[in-house]
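>>> below is the sequence, then the predicted model.
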Amino acid sequence: MKRIPPSLASLVAIACLLTACRSTGSLRNETPHEREARIHREAVTVDTHVDWPSRQLAHPEFDAGIRHEPGIPESGQWDLPRMKEGGLDAVFLSIFTGQGELSTEGRDAAREEALAQIRLVRGLAEDYPTLAGLATGSEAILRLEREGRRALLLGMENGYPIGTDLARVEEFHREGIRYVTLCHSRTNDLCDSSTDDHRPWDGLSPFGEEVVREMNRLGIMIDISHVSDETVREVLASSRAPVIASHSGARAVCDHPRNLPDDLLVALRDHGGVVQVCLVGSFVKSLPPDPEREAAIGEIRDDLDALRRGEIHGEAAEAVRERYRAINRDHPRPLPTLADAVDHIDHIVAVAGVDHVGLGSDFDGGGGVKGLMDVYELPHLTAELLARGYSEEDVRKILGGNLLRVFRAVEQAAATPPLPE
Ligand SMILES: [Zn+2]
């Protein structure tokens, strides 16, 4: 077999760089698939919202260090091998607590649950040190990426575990939490929620304002997903560091109170922040339910729940799986498409610019659209962005560059003491 001498090979490479590559933005002879893979290798990619920890708490038998077959209920949508396959470098695993009573018992129980989920993430990093590592800063993401390991970060969805105790913000920072979504679907001690009619604070509570300042001091990103519009305005007025929406869409594209209206997209941009587009169907595009599918799922609901709890095994489990596959075949879940999700990205780019958008999938928490149902499919997003004419530089920003910029700015603001009032 004849080989091209190395000197000739490098001449060919240089000629390619000088001509075709510059005009097309891709290397000659690269298939679209190879181009996507190369972009993922070059980029530092970040997903700011995967709900694995709360799912894991309910399914302790699941081992996120081994690959699971995508598309079946007990596989979830994320594990470390599939994360690597999808070219995803860093993930914020969501330390999620549902909103309960605003009582001492409720707040303490939420704190315990949050700490238990944090232990799960730390345990995963310890169990699979060659696959992943815990990251508590932007530099650690870059280091792990260079080492070819996945970066696991901790984001807290719902400030409920903080309760009314400011010292807990520092406690959770010590535990590794690097963003806090101030509330979830209901109003809490910190602020009003976008999906709760009860809005006693008219935005941030006085304690919520203190929490914002404390997060600035410690270098924790403030996450405005789920909060009411008025809360977003007050956060932007109170925070001296840029903020993120870890999993939100554009309200002009899908009219849901969880999504951000154009004026807030502009305000977030002016403040230097980033909106990480969410893949939860109802926030992407409202579609009518399929009654036949609902009825069919209803018939096997108990079995599916038992399967998820790991209570049925062997042939019985396979039978339930087969029925579920048949339903998905005959009555596919009405789901928006990846193109519908990228419409949100396009809109945010049009309103706020390409420096202020990214991805927060909400995998394992209800996220997933046709074409991007699982973390291993992430390159499909890259393909869609390229097909819509985004440059490779813009794609790298959307896939993680923008989030890293905001994370660094938050770290820098923490290192710089505020001016005296
Ligand atoms: Zn959420």
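Done, it's in.

>>> measure residue 123 to residue 267 for me?
Per C-beta to C-beta, to the nearest Å, residue 123 is found 39 Å from residue 267. Backbone N, C-alpha and C define where each C-beta goes, glycine included.

>>> and residue 158, by the same measure?
According to C-beta to C-beta, residue 158 stands 23 Å off from residue 267.

>>> more crowded one of these two?
Neighbour count, other C-beta atoms under 10 Å: between residue 158 and residue 267, residue 158 has more, with 27 against 17.

>>> for the closest residue to residue 44 other than its chain neighbours, which three-state class applies?
The shortest distance from residue 44 to any non-neighbouring residue, by C-beta to C-beta, 6 or more residues apart in numbering, is to residue 400 (4.8 Å). Here residue 400 is recorded as helix under DSSP: H, G, I helix; E, B strand; the rest coil.

>>> output the biggest helix by length in the chain in PDB with nothing but the alpha carbons.
The single longest helix within the chain, with elements called by DSSP state H, is helix 104-127. What follows is helix 104-127, C-alpha atoms only, in PDB (Å, rounded to 0.1, in the frame of the first residue of the first chain):
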ATOM      1  CA  THR A 104     -39.800  24.400  59.300                       C
ATOM      2  CA  GLU A 105     -40.500  20.600  58.800                       C
ATOM      3  CA  GLY A 106     -41.000  21.100  55.100                       C
ATOM      4  CA  ARG A 107     -37.900  23.200  54.600                       C
ATOM      5  CA  ASP A 108     -35.800  20.800  56.700                       C
ATOM      6  CA  ALA A 109     -37.000  17.800  54.800                       C
ATOM      7  CA  ALA A 110     -36.300  19.500  51.500                       C
ATOM      8  CA  ARG A 111     -32.700  20.200  52.700                       C
ATOM      9  CA  GLU A 112     -32.200  16.600  53.600                       C
ATOM     10  CA  GLU A 113     -33.600  15.500  50.200                       C
ATOM     11  CA  ALA A 114     -31.200  17.900  48.400                       C
ATOM     12  CA  LEU A 115     -28.200  16.700  50.400                       C
ATOM     13  CA  ALA A 116     -29.200  13.100  49.500                       C
ATOM     14  CA  GLN A 117     -29.300  13.900  45.800                       C
ATOM     15  CA  ILE A 118     -25.900  15.800  46.100                       C
ATOM     16  CA  ARG A 119     -24.400  12.600  47.600                       C
ATOM     17  CA  LEU A 120     -25.700  10.600  44.600                       C
ATOM     18  CA  VAL A 121     -23.900  12.900  42.200                       C
ATOM     19  CA  ARG A 122     -20.700  12.800  44.200                       C
ATOM     20  CA  GLY A 123     -21.000   9.000  44.500                       C
ATOM     21  CA  LEU A 124     -21.300   8.700  40.700                       C
ATOM     22  CA  ALA A 125     -18.200  10.800  40.100                       C
ATOM     23  CA  GLU A 126     -16.300   8.600  42.700                       C
ATOM     24  CA  ASP A 127     -17.500   5.300  41.300                       C
END
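
>>> where's that helix relative to the chain centroid, distance-wise?
Here the centre of helix 104-127 is set off from its chain's centre by 19 Å, with C-alpha atoms, centre = their mean, to the nearest Å.

>>> give me the contacts around it.
53-54, 56-57, 64-65, 80, 93, 95-97, 100, 132-134, 152, 154, 156, 158, 160-165, 168, 172, 175-177, 189 (C-beta atoms under 8 Å, 6 or more residues apart in numbering).

>>> and the next element down the chain from the helix or strand of the chain with the lowest mean pLDDT?
The weakest-scoring helix or strand in the chain, judged by mean pLDDT, DSSP states H and E, is helix 20-24 (a mean of 41). Using DSSP states H and E, the helix or strand that follows helix 20-24 in sequence is helix 32-42.

>>> which elements pack onto that following helix?
The contact analysis (3 or more C-beta pairs under 8 Å, 6 or more residues apart in numbering; DSSP states H and E) places helix 32-42 against helix 379-387, helix 392-396.

>>> okay, those in JSON lines with distance to residue 358 next?
Output for those, formatted as JSON lines (distance: least, C-beta to C-beta, whole Å):
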{"stretch": "helix 379-387", "distance to residue 358": "11"}
{"stretch": "helix 392-396", "distance to residue 358": "11"}
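
>>> follow-up on the earlier one: for the longest helix of the chain, buried residues please.
106-107, 109-111, 113-114, 117-118, 120-121, 124-125 (16 or more other C-beta atoms under 10 Å).

>>> now the element after that helix, going C-ward?
In N-to-C order, the element after helix 104-127 by DSSP H and E is strand 132-134.

>>> run me through the strand neighbours of that next one, direction for each.
Taking DSSP bridges as the criterion, strand 132-134 forms sheet pairs with strand 150-157 (parallel).

>>> next, the angle helix 104-127 makes with the strand it pairs with.
180 degrees (axes from the mean of the first three to the mean of the last three C-alpha atoms, to 10 degrees).

>>> how far off centre is whichever helix or strand comes after strand 150-157?
Sequence order places helix 167-175 as the next helix or strand after strand 150-157, per DSSP H and E. Chain-centre distance of helix 167-175: 22 Å, with C-alpha atoms, centre = their mean.

>>> equivalent analysis for stretch 338-353, please.
A distance of 16 Å separates the centroid of the chain from that of stretch 338-353, by C-alpha atoms, centre = their mean.

>>> so residue 112 versus residue 165, what's the distance?
Here residue 112 is placed at a distance of 14 Å from residue 165 (C-beta to C-beta).

>>> and for residue 317, the neighbour number?
By other C-beta under 10 Å, 16 other residues sit near residue 317.

>>> ok, now which ones touch it?
Residues near residue 317 by C-beta under 8 Å, 6+ apart: residue 307.

>>> helix/strand/coil for it?
Under three-state DSSP, residue 317 falls in the helix class.

>>> in a helix, that's where residue 184 is, yeah?
No. Checked against three-state DSSP, residue 184 lies outside a helix; its state is coil.

>>> and residue 274, how far from residue 415?
Noted for residue 274: a distance of 20 Å to residue 415, by C-beta to C-beta.

>>> higher neighbour count, these two?
With neighbours defined as other C-beta under 10 Å, residue 274 and residue 415 compare such that residue 274 has more, 29 against 8.

>>> okay, and the beta partners of the more buried one?
Note on residue 274: beta-bridge partners residue 244, judged by DSSP bridges.

>>> where does the stretch 251-400 of the chain have low pLDDT?
Of all residues in the stretch 251-400 of the chain, none has pLDDT under 70.

>>> strands along that one, start to end?
Ranges of strands within the stretch 251-400 of the chain are 274-277, 357-359, based on DSSP state E, counting those that start in this stretch.
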